[in-house]
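Peer 1: generate a structure from the sequence data that follows.
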Amino acid sequence: MKITEVICQILRIPSVVAKTASSQDSVLVRIRTDNGLEGIGEADSSPEMVKAVIDAPFSHNIATGLRPLLIGQNPLETDRLWQTMYRKTMYAGRRSTTITAMAAIDMALWDLKGKHFGEPIHRLLGGKHHDKILAYASILFGKDGNETAKIARRWREFGYKAIKFGWEPMGQSEALDIDLVRGAREGIGDDGTLLIDAGCVWDARTALSRAKSFEQFRIGWLEEPLSPDDYEGYRWLRDRSPVPIASGEEECGRQAFRPLIDGRCLDVYQVDLSRNGFSESLYIRHRVEEIGARLCNHCYTSPVTVAASLHWLSTCAGAFLFEDCVEDSPLRHELTHEKVQAVNGYIEVPDRPGLGVTLDEDFVKRHLISESR
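Peer 2: Just a heads-up that it's a prediction; the model follows:
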């Protein structure tokens, strides 16, 4: 079996607005073989930048686009292909966009591998520990505490027992920050799990002050209070915070995660499959489990990444929560024929071969703005 096509498609919904939500556009990678199989993958990154990494022509031996490295190769050799892509893009890669492009390709290769063997990806990764996982509704804050409380009540009514609020307008003032968390707890009720995502807005001392203020609201974790590059700040904060500290969604590949893991900087390591792929996420899982920390997925895109995240997280013995994006975006809810969303607060792990989801080609055609192969 050989790879014959690497197709890159950019999808975008009609109304993109200025908010921190990566469910407004997507870059899909579709890998096809000479025996008619296709694997699909997705990157949570700037779609046009990912496409440029895949489409780029050969420059020299360690600065080239990804497509030429894959054509004619055996798609089952996922580890070797990752190493080849990493080596051949050393001058243009090693972090960020290039790794996210590799992650989408890797996701597609594992989807293809599962279809080839007739097995779900979680079985190829070693086996699942969970058939379903408690899901938390992942949504943005309201403009203030009262609006945030209304949002929380809405998602409790939809059956979610856990909710995470994040990003803007947190960070504008201490009073607003506390009001937002107060409103979130009021809306979710005493028995709900409340998670807070600060969106990288503070220095370490301010973050510690906020963690102490938020403790009264019994939050399950405080996510991304600092810049993702402030490893020493995270280690300092985690050692002093009265609430668990979570982060990791920005990280792309094992090298990016290494300082956080080696420094034992976090209580919860959040891994995005659309920025790491299965091959790197498997390695990261082993490293995090070795230090006795907890793992969770990050996912704010389409059902393709949701499915990938479920396969991976189900293989983590200590998995305790699953991020379920509930943004009201057609890309989140209509890209695949299968609806991959929590029901009564729990989300089930797909059990069909590969990712276990199929693209709605009519949806793809309606939202396609760019394609290359």
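
Peer 1: in stretch 130-144, what's buried?
Peer 2: His130, Lys132, Ile133, Leu134, Ala135, Tyr136, Ala137, Ser138, Ile139, Leu140, Phe141, Gly142 (16 or more other Cβ atoms under 10 Å). For glycine as for every other residue, the C-beta is placed from the backbone atoms N, C-alpha and C.

Peer 1: right, I mislabeled it, should have said stretch 32-52
Peer 2: By 16+ other Cβ under 10 Å, the buried positions in stretch 32-52 come out as 32-33, 37-47, 50-52.

Peer 1: cool, and stretch 199-210?
Peer 2: Quick answer for stretch 199-210 (16+ other Cβ under 10 Å): Gly199, Cys200, Val201, Trp202, Ala204, Thr206, Ala207, Leu208, Arg210.

Peer 1: alpha carbons of it, as CSV, please.
Peer 2: Below are the C-alpha coordinates for stretch 199-210, written out as CSV (Å, rounded to 0.1, in the frame of the first residue of the first chain):
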residue,chain,number,x,y,z
GLY,A,199,-6.4,32.7,28.8
CYS,A,200,-2.8,33.6,29.6
VAL,A,201,-3.6,37.0,31.2
TRP,A,202,-1.5,37.3,34.4
ASP,A,203,2.0,37.3,35.8
ALA,A,204,2.7,34.6,38.4
ARG,A,205,2.0,36.7,41.5
THR,A,206,-1.3,38.0,40.2
ALA,A,207,-2.3,34.4,39.2
LEU,A,208,-1.6,33.2,42.8
SER,A,209,-3.7,36.0,44.1
ARG,A,210,-6.6,35.0,41.8
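
Peer 1: and which of the buried residues of stretch 32-52 is nearest Trp221?
Peer 2: Asp44 (20.5 Å; Cβ to Cβ).

Peer 1: show me which pair in the buried residues of stretch 199-210 is furthest apart.
Peer 2: The span of the buried residues of stretch 199-210, defined through Cβ to Cβ, is set by Gly199 and Leu208 at 16.9 Å.

Peer 1: after the helix or strand of the chain with the lowest mean pLDDT comes which helix or strand?
Peer 2: Using mean pLDDT, DSSP states H and E, helix 330-334 stands out as the lowest-scoring helix or strand of the chain, at a mean of 90. Proceeding N to C from helix 330-334, the next assigned helix or strand is strand 346-348, under DSSP states H and E.

Peer 1: report the beta-bridge partner residues of the residue sitting furthest away from the middle of the chain.
Peer 2: No residue in the chain sits farther from the centre than His60, which is 31.8 Å out by Cα atoms, centre = their mean. When assigned by DSSP bridges, His60 has beta-bridge partners Ala63.

Peer 1: distance of Ala211 from Pro242?
Peer 2: 6 Å (Cβ to Cβ, to the nearest Å).

Peer 1: looking at those two, which is more packed in?
Peer 2: Neighbour count, other Cβ atoms under 10 Å: between Ala211 and Pro242, Ala211 has more, with 24 against 13.

Peer 1: next one: Lys132, what pLDDT does it get?
Peer 2: What the model reports as pLDDT for Lys132 is 97.

Peer 1: OK, contacts around it?
Peer 2: Lys132 is in contact with Tyr346, Ile347, Glu348, Val349, counting by Cβ atoms under 8 Å, 6 or more residues apart in numbering.

Peer 1: so the last one sits against Thr315, correct?
Peer 2: No - with contact taken as Cβ atoms under 8 Å, Val349 and Thr315 are classed as non-touching, separated by 9.5 Å.

Peer 1: need the overlap of contacts for those two.
Peer 2: Joint contacts of Val349 and Thr315 (Cβ under 8 Å, 6+ apart) are His122, Lys128.

Peer 1: the closest residue to Arg87 other than its chain neighbours - how many residues pack around it?
Peer 2: Once flanking residues are discounted, Arg87 sits nearest to Ile62: 6.8 Å by Cβ to Cβ, 6 or more residues apart in numbering. Ile62 is flanked by 13 other residues according to other Cβ under 10 Å.
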